[in-house]
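Engineer: Predicted model and sequence follow; I will ask about them next.
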Amino acid sequence: MAYSDKVIDHYSNPRNVGTLDKNKKSVGTGLVGAPECGDVMRLQIEVDEATNTITDAKFKTFGCGSAIASSSLATEWLKGKTVDEALAIDNMEIVEELALPPVKIHCSVLAEDAIKSAINDYRVKNGMPELEMAKSHH
Amino acid sequence: MLKLPIYLDNNATTPLDPRVLEAMMPYLTEVFGNAASRNHPFGWAAEEAVDYARDQIAGLINCDPKEIIFTSGATESDNLAIKGIYEMYAQKGNHIITTTTEHKAVLDTCKHIEKIGGKVTYLPVNSEGLIDLAELEAAMTPQTILVSIMYGNNETGTIQLIREIAAIAHKHGALFMTDGTQAVGKIPVDVQADGIDLMAFTAHKMYGPKGVGAMYVRRKNPRVKVTAQMDGGGHERGMRSGTLNVPGIVGLGKACELAKQEMAADAARLGAMRDRLEKELLTLEESYVNGSVERRLPHVANISFKYVEGEGLMMGVKDLAVSSGSACTSASLEPSYVLKALGLSDDLAHSSLRFGLSRFTTDEQIDYAINHVKEAVTKLREMSPLWEMFQEGIDLDKIEWAEH
């Protein structure tokens, strides 16, 4: 399968690979996917409580090049956004930016799920109600 | 300078040996006759070349040249042997025994046999890819007409206990067929000593051209006949009609002659190279050899790297032409059924790489491959949340994964 240049770039030089301290109150962690499905994404955000802004984002992904690129791109986009802006990220924006083929759309869906899951984790930790996942997949 | 990518997918196909091409050239040009033309020198020259190739092939597998039936390749030979036996021996019985790790050419042919009313037993294999001889014996019935078990596996290189299997089949009055595609030309295959009644093999896995293969059919003790699957001019003793592919057959013959001469030296050299590759890659934590280590084709290694995903791994080893246990042609990933049959979990089957070395593989290429794979696996593990969890001692099987 031919990968787009952007996927290859993110795969070869992934941005923001790493781990934030999941025990910190200001850190939200999202772990989505399953090993037997071939993709597991862990996305973490660190939020500045005063401004509700994401100051740092890190990921680790077990998956194909498109999954790695989707999560790498997501961390790039998250930094500097407010939590509300982050919630508005739609998987189709990732599809467009990375020129993902139809069989790889699930990678972008997973990245969106990971963002929402990380935000939810942050919300629950900080006494806010959990948001309902807007999209249900499969 | 090393030329990239490096071809290490020789179980899929091998390059053509220049000496084979040289032997074929006259038959692609001036000696163009039809081997079935009996009444002029053009035909005679072609027939002579075909007869010579038959001798070369017979010399490699120790049979009578008359026992060689030319086909378009191993898939056709597998089809012809199984369907042909099923039809020819219908009065004796309708039961065939095979294994779950056969090539699709055998498995799908057996499924076809089931559709038209036959019975097929698919024997499981153990973690090394070997069948249990007692299970084979127990599966034999008076209706069993054929046991079809491959010689060496295309994904793992595992070599079945061919002689023992043949003996069991014969003891119960059944014929023994083997798909010898990966083994012929690589390790000694002797149809007499091994007790083989039918065998499929092909030129392009042993440095010959694509589009030509053969089926060995025993003529004595017992005399085996198969029903033709294609109607036509009655070539190849009535078993396979169609004008003979003379240049291809000449190529197959030459490839067999070279294999006979060079097999021992090739196997020793490639075995040492494969062992070095494998030893080095196994220094990576959580990496595992798939298939039997003792009973294995010398040029094949199949290794799984836990906690890295197959498709990502393939992308990481872009300088190598290798196969993975993952068939990622669609959103639904299908791990290799051969590795699954060995008992591998889906994720371990996905994260496997198959290396197939050839006569033309160099030490320099193997050095490059070792470093390239090590780098890719290490990099992907640094990116893998599963690897991090493993390092922290978290049992991944105990996590409730959110299915998506």
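Structural biologist: Looks like it came in fine.

Engineer: can we go C-alpha only for contacts and neighbour counts from here?
Structural biologist: Fine.

Engineer: Looking at chain A, which helix is longest?
Structural biologist: helix A:105-125 (DSSP state H).

Engineer: if you average pLDDT over stretch A:80-87, what comes out?
Structural biologist: Computed over stretch A:80-87, the mean pLDDT rounds to 97.

Engineer: picking that back up, show me what the longest helix of chain A is in contact with.
Structural biologist: By C-alpha atoms under 8 Å, 6 or more residues apart in numbering or on different chains, the residues outside helix A:105-125 that reach it are A:25-33, A:39, A:41-45, A:66-67, A:70-71, A:74, A:83, A:86-87, A:89-92, A:94-95, A:129-131, A:133, B:331, B:404.

Engineer: repeat for stretch B:30-43
Structural biologist: B:44-47, B:50, B:243-244, B:246.

Engineer: go again using 7 Å as the cut-off
Structural biologist: Outside of stretch B:30-43, the residues that reach it under the criterion C-alpha atoms under 7 Å, 6 or more residues apart in numbering or on different chains are B:44, B:46-47, B:244.

Engineer: list the buried ones in that stretch?
Structural biologist: B:31, B:33-36, B:42-43 (16 or more other C-alpha atoms under 10 Å in any protein chain shown).

Engineer: And for stretch B:250-268?
Structural biologist: Neighbour-count burial for stretch B:250-268 [16+ other C-alpha under 10 Å]: B:250-260, B:263, B:266-267.

Engineer: Flag every residue of chain A that's near chain B.
Structural biologist: Residues of chain A found near chain B (C-alpha under 7 Å from any C-alpha of the partner chain) are A:17, A:32-36, A:38, A:42, A:60-65, A:103-104, A:137-138.

Engineer: Among those residues, which lie within helices?
Structural biologist: residue A:65.

Engineer: Now a ChimeraX select for only the buried ones of the residues of chain A next to chain B.
Structural biologist: Filtering those down to the buried ones (16+ other C-alpha under 10 Å) takes a single ChimeraX command:
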select /A:17,32,33,34,35,36,38,42,60,61,62,63,64,65,104
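
Engineer: So which of the residues of chain A next to chain B sit within strands?
Structural biologist: A:32-34, A:42, A:60-62 (DSSP state E).

Engineer: Let's have these in TSV, adding distance to residue B:147.
Structural biologist: Formatted as TSV, these follow (distance: C-alpha to C-alpha, whole Å):
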residue	distance to residue B:147
A:32	47
A:33	43
A:34	40
A:42	50
A:60	49
A:61	46
A:62	42
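
Engineer: ok so, going back, ok, the buried residues of stretch B:250-268 vs residue B:190, which is closest?
Structural biologist: Using C-alpha to C-alpha, residue B:260 is the member of the buried residues of stretch B:250-268 that lies nearest residue B:190, at 11.5 Å.

Engineer: If you count residues, where's the longest helix of chain B?
Structural biologist: helix B:246-281.

Engineer: After it, heading C-terminal, what element do we hit next?
Structural biologist: Counting by DSSP states H and E, the next helix or strand C-terminal to helix B:246-281 is strand B:287-289.

Engineer: and the following helix or strand past that following strand, anywhere near chain A?
Structural biologist: Downstream of strand B:287-289, the next assigned helix or strand under DSSP H and E is strand B:300-305. No: Strand B:300-305 does not reach chain A (C-alpha under 7 Å from any C-alpha); its nearest approach is 12.4 Å.

Engineer: So which elements touch the helix or strand immediately after strand B:300-305 in the chain?
Structural biologist: Next in sequence after strand B:300-305, counting helices and strands by DSSP H and E, comes helix B:310-316. The contact analysis (3 or more C-alpha pairs under 7 Å, 6 or more residues apart in numbering or on different chains; DSSP states H and E) places helix B:310-316 against helix B:363-382.

Engineer: And the helix it packs on, how far out from the chain middle?
Structural biologist: Relative to its chain's centre, helix B:363-382 lies at 26 Å (C-alpha atoms, centre = their mean, to the nearest Å).

Engineer: Other residues contacting it?
Structural biologist: B:6, B:273, B:277, B:280-281, B:307-308, B:313, B:316-317, B:320, B:387.

Engineer: so what's whichever residue of the stretch 301-404 of chain B sits closest to chain A up against?
Structural biologist: Distances between the stretch 301-404 of chain B and chain A by C-alpha to the nearest C-alpha are smallest at residue B:312, namely 3.9 Å. Remark: with contacts taken as C-alpha under 7 Å, 6+ apart, residue B:312 is in contact with A:63-65.

Engineer: How confident is the prediction for the closest residue to it other than its chain neighbours, by pLDDT?
Structural biologist: Distances taken as C-alpha to C-alpha, 6 or more residues apart in numbering or on different chains place residue A:64 nearest to residue B:312, at 3.9 Å, with adjacent residues excluded. Looking at residue A:64, its pLDDT is 91.

Engineer: Now do the same contact list for residue A:64.
Structural biologist: Contacts of residue A:64 (C-alpha under 7 Å, 6+ apart): B:309, B:311-312.

Engineer: Lowest-confidence one in these?
Structural biologist: residue B:311 (87).

Engineer: Grab the nearest non-local neighbour of that one.
Structural biologist: Residue B:311 sits nearest to residue A:64 (C-alpha to C-alpha, 6+ apart), 4.9 Å away.

Engineer: Got phi/psi on the one you found?
Structural biologist: phi -80, psi 180 (degrees, to the nearest 10).

Engineer: same question, residue B:349
Structural biologist: phi -70, psi -40.

Engineer: Where does the prediction get shaky in chain A?
Structural biologist: A:1, A:134-138 (pLDDT under 70).

Engineer: If you could redo that for the stretch 201-350 of chain B, that was the one I meant.
Structural biologist: For the stretch 201-350 of chain B, the ranges with pLDDT under 70 are B:326-333.

Engineer: Might you name the residue of chain A sitting closest to chain B?
Structural biologist: residue A:64 (3.9 Å).

Engineer: ok so, going back, which pair in the ones in strands among the residues of chain A next to chain B spans the largest distance?
Structural biologist: A:34 and A:60 (13.5 Å).

Engineer: check the contacts of stretch B:30-43 against chain A, which are close?
Structural biologist: Within those, nothing lies near chain A by C-alpha under 7 Å from any C-alpha.

Engineer: neighbour-wise, which of those residues leads?
Structural biologist: residue B:46 (24 neighbours; other C-alpha atoms under 10 Å in any protein chain shown).

Engineer: What separation do you get for that residue and residue B:1?
Structural biologist: 42 Å (C-alpha to C-alpha, to the nearest Å).

Engineer: picking up where we left off before, save the buried residues of stretch B:250-268 as TSV, and put in distance to chain A too.
Structural biologist: Shown next, in TSV, are the buried residues of stretch B:250-268 (distance: C-alpha to the nearest C-alpha, whole Å):
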residue	distance to chain A
B:250	36
B:251	33
B:252	33
B:253	36
B:254	36
B:255	33
B:256	35
B:257	38
B:258	36
B:259	35
B:260	39
B:263	36
B:266	34
B:267	34
